[in-house]
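Engineer: okay, predicted coordinates and the sequence, questions at the end:
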Amino acid sequence: MSIVIRSLGIAVPSRVLTNADLEKMVDTSDEWIRERTGIRERRISDEPLSVLAEKAAREALENACVSPDDIELILMATITGDYPLPAAACLLQERLGIKEVPAFDLAAACSGFIYGLAVAEGLSARYSTILFVSGEILSAVTDYTDRSTCVLFGDGAGAAVLTVADGNISRRELVDYVICADGTGWRHIHIPAGGSAEPPTERTISERLHYIKMTGRDVFKNAVKRMEEAIVELLKRNNLDISGVDLIVPHQANARIIHTLCERLGVAKEKTYINIDRYGNTSAASIPLALYEAERDGLIGAGSLVVAASFGAGYTWGAALFRW
Ligand code: UT7
């Protein structure tokens, strides 16, 4: 059973936070941020995730000519739902007026989109029309006094209507995927407080433990290594050579990670899609945002072979192969 992305929709907040704005908030510079990360600006939301998720979902539904009444399952990939409880997918269900169908979230951080596709494919024998939204309000868990992380993150959401592939509908087919995790890496990107290990107290708030902490260098090295491994395995499983791939859409965490990945894979930088300059790292939203824009800009079209790859907290990683 294979699934197709019938349509995509995206939503980003209108408020732009530039490198110049960050220069006024922490000891950093536009030059450092651009050279070390490739980021020029990112979007920051004044509203919770469900608002962005609804916008992205409505666009995807419209593009697929699918009504909310046709949706049989709602899946969201996020670590920044409106509330710790319940699942963001249930809030989205209410906003869209979707009847009683299963709705749940999965937490795979920056790998959320690829993990979500894998889960949707697994469930597609029972639920043939799935609404999948992958998005984050990372600004809610970003410490704007910590220059090592606050320059990186942004907010956004991408939505996909997923249906079962049949003879008539085979555009944007998920041909295959690889997903994996290594839990020994959890410390390198985590939010120390607010969960059951450190429930929130005045101390955890004053020590700013409810924000993302990251050991950047370890994450950088592993991101390159794991995305390369996932892409190589995916291509091997499908008897493909990298030269046959039309576009690589990597998770947008750092332009230098993407350039190093290209060197390791032996492909030109132009073979990857990059929009990190405008959005920063939007975690689970980054791949759907990039796929949407790559299609809109004509970089991929009917029949293109597209490989997406991700790496994030957990550590989690994965790669997906699409016949667009
Ligand atoms: O989505 C998956 C999760 N995230 C990632 O994949 C991110 C992976 N990591 C990275 O992208 C990079 O490690 C960073 C962009 C976070 C950091 O870049 P780096 O080249 O690894 O820098 P570094 O952490 O080794 O720091 C180099 C220097 C340090 O100063 P000293 O000790 O050499 O004096 C930092 O204090 O850069 C300093 N620094 C900054 N300077 C200006 C760190 N952040 C900043 C900043 N502005 N914003």
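Structural biologist: Nice, thanks for sending it over.

Engineer: contacts, neighbours, all on C-alpha from now
Structural biologist: Fine.

Engineer: counting by contacts, list what the helix or strand that Glu62 is a member of packs against.
Structural biologist: Under the criterion of DSSP states H and E, Glu62 resides in helix 49-64. Counting contacts by 3 or more Cα pairs under 8 Å, 6 or more residues apart in numbering; DSSP states H and E, helix 49-64 packs against strand 3-11, helix 88-96, strand 129-137, strand 155-164.

Engineer: out of these, which gets nearest to the ligand?
Structural biologist: Closest to the ligand of these is strand 129-137 (Cα to the nearest ligand atom; 11.8 Å).

Engineer: adjacent strands (with direction) for the closest one?
Structural biologist: Paired with strand 129-137 in the same sheet, following DSSP bridges, are strand 73-77 (parallel), strand 155-164 (antiparallel).

Engineer: tell me the average confidence for that strand?
Structural biologist: When pLDDT is averaged over strand 129-137, the result is 98.

Engineer: which other residues reach that strand?
Structural biologist: Applying Cα atoms under 8 Å, 6 or more residues apart in numbering, the contact partners of strand 129-137 are 44-45, 48-49, 53, 56-57, 70-81, 112-113, 116, 120, 124, 154-164, 282-285, 288.

Engineer: with just CA atoms, put that strand into PDB.
Structural biologist: Output of strand 129-137 as PDB, limited to C-alpha atoms (Å, rounded to 0.1, in the frame of the first residue of the first chain):
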ATOM      1  CA  THR A 129      -8.000  10.100   3.600                       C
ATOM      2  CA  ILE A 130      -5.700  11.500   6.300                       C
ATOM      3  CA  LEU A 131      -5.100  15.200   7.200                       C
ATOM      4  CA  PHE A 132      -1.500  15.500   8.400                       C
ATOM      5  CA  VAL A 133      -0.200  18.800   9.800                       C
ATOM      6  CA  SER A 134       3.500  19.100  10.800                       C
ATOM      7  CA  GLY A 135       4.200  22.400  12.600                       C
ATOM      8  CA  GLU A 136       5.800  24.200  15.500                       C
ATOM      9  CA  ILE A 137       5.700  27.400  17.500                       C
END
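
Engineer: can you list the weak-confidence ranges in the stretch 151-300 of the chain?
Structural biologist: Scanning the stretch 151-300 of the chain for pLDDT under 70 picks out 169.

Engineer: who touches the closest residue to the ligand within it in this structure?
Structural biologist: Nearest residue of the stretch 151-300 of the chain to the ligand: Gly216, at 3.5 Å (Cα to the nearest ligand atom). Contacts for Gly216 (Cα under 8 Å, 6+ apart) come out as 148, 188.

Engineer: from Ala253, how far off is it?
Structural biologist: Between Gly216 and Ala253 the computed distance is 11 Å (Cα to Cα, to the nearest Å).

Engineer: ranges for the helices of this protein?
Structural biologist: 19-23, 30-37, 49-64, 88-96, 112-123, 147-150, 202-206, 216-237, 255-265, 276-279, 286-296 (DSSP state H).

Engineer: which of those helices sits closest to Pro192?
Structural biologist: The closest of those to Pro192 is helix 202-206. By Cα to Cα, the value is 8.6 Å.

Engineer: buried stuff in that closest one?
Structural biologist: Applying a neighbour-count criterion of 16 or more other Cα atoms under 10 Å, one finds Thr204 buried in helix 202-206.

Engineer: repeat for stretch 157-172
Structural biologist: 157-165, 170-172.

Engineer: that stretch: end-to-end distance?
Structural biologist: End-to-end span of stretch 157-172 (Cα to Cα): 19 Å.

Engineer: what sits against Gln93?
Structural biologist: Counting by Cα under 8 Å, 6+ apart, Gln93 has contacts 74, 99, 103.

Engineer: okay, who's weakest in these by pLDDT?
Structural biologist: For the contacts of Gln93, the pLDDT minimum is Lys99, 94.

Engineer: excluding chain neighbours, what is closest to that residue?
Structural biologist: Nearest non-adjacent residue to Lys99, counting by Cα to Cα, 6 or more residues apart in numbering: Asp69, 6.6 Å away.

Engineer: got the residues of the chain near the ligand?
Structural biologist: Residues of the chain lying close to the ligand (Cα under 6 Å from any ligand atom) are 28-29, 32-33, 36-37, 110, 147-148, 151, 216-217, 219-220, 223, 253-254, 283, 311-312.

Engineer: one more time with 5 Å
Structural biologist: 28, 147-148, 216-217, 219-220, 253-254, 312 (Cα under 5 Å from any ligand atom).
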